[in-house]
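Participant: Kindly return the folded structure for what I paste below:
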Amino acid sequence: MTSFVLVILTLMTRAAPAAEIAVAAIPGGLVLALSQAQDGDRLVLAPGIHAGPIIIAHAIDLAGMPGAVIKGDGKGTVVTIDAPDVTVQGITVTGSGLTLATQDSGIFVTPNGDRAVVEHNHIDDNLIGIYLSGPDDAVVRDNDVTGRQDLRVNERGNGIQLWNTPGSQVIGNRVSQGRDGIFVTTSRENLFADNVFRNVRFAIHYMYTNYSEIRGNRSYDNTVGYALMYSDHLRVTDNLSSGDQQHGIMLNYANASEFIGNAVENGGAKCVFIYNSNKNDFRGNRFEGCDIGVHFTAGSERNVIVDNAFVGNRTQVKYVGTRWLEWSENGRGNYWSDNAAFDLDGNGIGDRPYRPNDMLDQVVWAHPSARLLISSPAFQILKWAQSRFPALHPGGVVDSAPLMTPPDLSIFHGEIQHAG
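Facilitator: Here you go, the predicted model:
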């Protein structure tokens, strides 16, 4: 009989409806409410200041009415999510500590926080904005994340940081003033989509992260747009880098990835930098207005670069090497704005191969002091000789089927929208 009564009591407890609990902005109110909350409850924060730090140890929804703020005491992390299936939404979170060694964050999700959802929040003036540290399938969506502006860039934390968080997604956030907009390391199967980055070092920074997607993001006036390092099997589509100072897209030991429908415009040093990266596929991208369109170096091999547009770059391609690299495939190459070619048969393909660089370019790159001789008669004679005798070229990039007009990038992966 006793066992029967225990079973009935257990079933009654499980069937009890989840509670919605209003939490007033009074000292200790939020901490007390969390200590009494059960899985499935919904806590709604009233407008005003709610003191942190707090730890969420049950599968609850924590929501804020307009004006609700969780404010830390300037030490450690403000909100720690340490249970699965937690949602935090509609709250301003501020006041973390300033110690990178302890990963002080506005919102920190532990490995116990599988399927956490952090959405529609304002994460302001914390060292690290949001940190996913080990949960599976978490979602960070539609948050405004603003870092500390009173710190030097290298002293700041990242806007959104991820470590070993397979299946997690970062979608539709607006990030500014941190070190990196999104920094991810040692992870896989992540999606970063439709985020906007301003006034950070790297908009998106990948390290040791594989089989993931970067789609529809916008990087404005940062140091580097998309820095992809030691990562494989990425799909990078429909992203914009506008006004980034050093590189729009940077590959360093990044392999077997696709780059489709991206645009780099009005950049500084290099639209694209490819360093020791192999078997990547670039199609339907537009690289415009940089000092160098593509800098290609350090043994990068078996990359396909076809159906792209290189427009108005001071130097379209920088490649120093003795091997020939063919940048066309199946009778189609790329569009080059400085290619003064003819198309006598009207098939849309230039009648002569395009070579973006010559032997003298390579001499100047290898020995910058030789730039002083560019206007000398000897250099001019060598340039004339190379134009008449292509065999004098020591190796480099050749496009055997240059396009006469820029490709319609929308046929590759959605039309690029240059949104401000």
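Participant: Can you list the low-confidence ranges for the stretch 101-250 of the chain?
Facilitator: Within the stretch 101-250 of the chain, no stretch falls below the threshold (pLDDT under 70).
Participant: Need the residue closest to the centroid of the protein.
Facilitator: Residue closest to the average C-alpha location in the chain (C-alpha atoms, centre = their mean): I204, at 2.6 Å.
Participant: was I right about G396 contacting P353?
Facilitator: No: at 11.3 Å, G396 does not count as touching P353 under the criterion of C-beta atoms under 8 Å. Bear in mind the C-beta positions are built from the backbone N, C-alpha and C, glycine included.
Participant: Between the two, which is the more surrounded one?
Facilitator: G396 (22 against 17; other C-beta atoms under 10 Å).
Participant: re earlier: chain center to the one helix or strand the residue nearest to the centre of the chain maps to, what's the gap?
Facilitator: Under the criterion of DSSP states H and E, I204 resides in strand 202-210. Remark: strand 202-210 is offset 7 Å from the chain centroid, using C-alpha atoms, centre = their mean, to the nearest Å.
Participant: wait, G129 sits on V170?
Facilitator: No: the pair G129 / V170 is not scored as a contact, 10.9 Å apart, by C-beta under 8 Å.
Participant: Look at those two and report which has more neighbours.
Facilitator: Taking other C-beta under 10 Å, G129 and V170 do not tie; G129 has more neighbours (33 against 30).
Participant: helix/strand/coil for that one?
Facilitator: Here G129 is recorded as strand under DSSP: H, G, I helix; E, B strand; the rest coil.
Participant: what's the nearest residue to it if we skip its chain neighbours?
Facilitator: Excluding its sequence neighbours, the residue lying closest to G129 (C-beta to C-beta, 6 or more residues apart in numbering) is V145, at 3.9 Å.
Participant: what residues are shared contacts of G129 and V170?
Facilitator: I160 (C-beta atoms under 8 Å, 6 or more residues apart in numbering).
Participant: After the strand holding I204, which helix or strand is next?
Facilitator: Remark: after strand 202-210, the chain's next helix or strand is strand 212-215, criterion DSSP H and E.
Participant: coming back round to it: quick check, the residue nearest to G129 in a strand?
Facilitator: Yes: when three-state DSSP is applied, V145 is found to be in a strand.
Participant: which residues touch it?
Facilitator: Shown in contact with V145 (C-beta under 8 Å, 6+ apart): 106, 123, 129-130, 159-160, 173-176, 178.
Participant: In strands, which of those fall?
Facilitator: Among those, DSSP state E puts 106, 123, 129-130, 160, 174-176 in strands.
Participant: Show me the strands in the stretch 251-400 of the chain, by range?
Facilitator: For the stretch 251-400 of the chain, the strands defined by DSSP state E, counting those that start in this stretch cover 258-260, 263-265, 270-275, 281-283, 286-288, 292-297, 304-306, 309-311, 315-319, 324-326, 335-336, 396-398.
Participant: At which residues are the helices of the chain located?
Facilitator: Counting by DSSP state H, the chain has helices at residues 2-15, 29-36, 359-366, 377-388, 410-413.
Participant: ok, the residue nearest to G129 to G113 distance?
Facilitator: The gap separating V145 from G113 is 18 Å, by C-beta to C-beta, to the nearest Å.
Participant: do the same with G348
Facilitator: Counting by C-beta to C-beta, the gap from G348 to G113 is 54 Å.
Participant: Dump stretch 256-268 to CSV, keeping only the CA atoms.
Facilitator: Only the C-alpha atoms of stretch 256-268 are listed here, as CSV (Å, rounded to 0.1, in the frame of the first residue of the first chain):
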residue,chain,number,x,y,z
ALA,A,256,38.1,21.6,-48.4
SER,A,257,35.6,24.5,-48.1
GLU,A,258,33.2,26.3,-50.3
PHE,A,259,33.0,30.0,-50.8
ILE,A,260,29.9,31.0,-52.9
GLY,A,261,28.2,34.3,-53.4
ASN,A,262,30.3,36.4,-51.1
ALA,A,263,31.2,40.0,-51.6
VAL,A,264,34.3,42.0,-50.4
GLU,A,265,34.1,45.6,-51.2
ASN,A,266,36.1,48.8,-50.4
GLY,A,267,38.6,46.9,-48.4
GLY,A,268,42.1,47.8,-47.3
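Participant: How far off centre is that stretch?
Facilitator: With C-alpha atoms, centre = their mean, you get 12 Å for stretch 256-268.
Participant: Number the chain from 42, please
Facilitator: Taking 42 as the first residue, the last one we looked at is stretch 297-309.
Participant: Quick one: mean pLDDT over it.
Facilitator: Stretch 297-309 carries an average pLDDT of 94.
Participant: What of stretch 382-393?
Facilitator: pLDDT averaged over stretch 382-393 gives 88.
Participant: And it, what's buried?
Facilitator: Buried positions in stretch 382-393, judged by neighbour count with 16 or more other C-beta atoms under 10 Å: 390-391.
Participant: Next one: the residue lying closest to R239 once chain neighbours are set aside from A295, what distance?
Facilitator: Nearest residue to R239 in three dimensions, chain neighbours excluded: S217, at 4.5 Å (C-beta to C-beta, 6+ apart). According to C-beta to C-beta, S217 and A295 sit 26 Å apart.
Participant: Name the residue in the two with the higher neighbour count.
Facilitator: The neighbour comparison of S217 against A295 (other C-beta under 10 Å) goes to A295, with 27 against 18.
Participant: Show the contacting residues for that one.
Facilitator: Going by C-beta under 8 Å, 6+ apart, A295 touches 247, 269-273, 275, 318, 321.
Participant: Likewise for G113?
Facilitator: Contacts of G113 by C-beta under 8 Å, 6+ apart are 93-94, 119, 135-138, 167.
Participant: now A297
Facilitator: A297 sits next to 273-274, 319-321 when contact means C-beta under 8 Å, 6+ apart.
Participant: what's the pLDDT at the spatially closest residue to it that is not a sequence neighbour?
Facilitator: Distances taken as C-beta to C-beta, 6+ apart put K320 closest to A297, at 4.7 Å, once the chain neighbours are dropped. You'll see K320 listed with a pLDDT of 96.
Participant: Relative to V150, how far out is the spatially closest residue to V72 that is not a sequence neighbour?
Facilitator: Once flanking residues are discounted, V72 sits nearest to I95: 6.2 Å by C-beta to C-beta, 6+ apart. Counting by C-beta to C-beta, the gap from I95 to V150 is 13 Å.
Participant: Having no further points to raise, I will conclude here.
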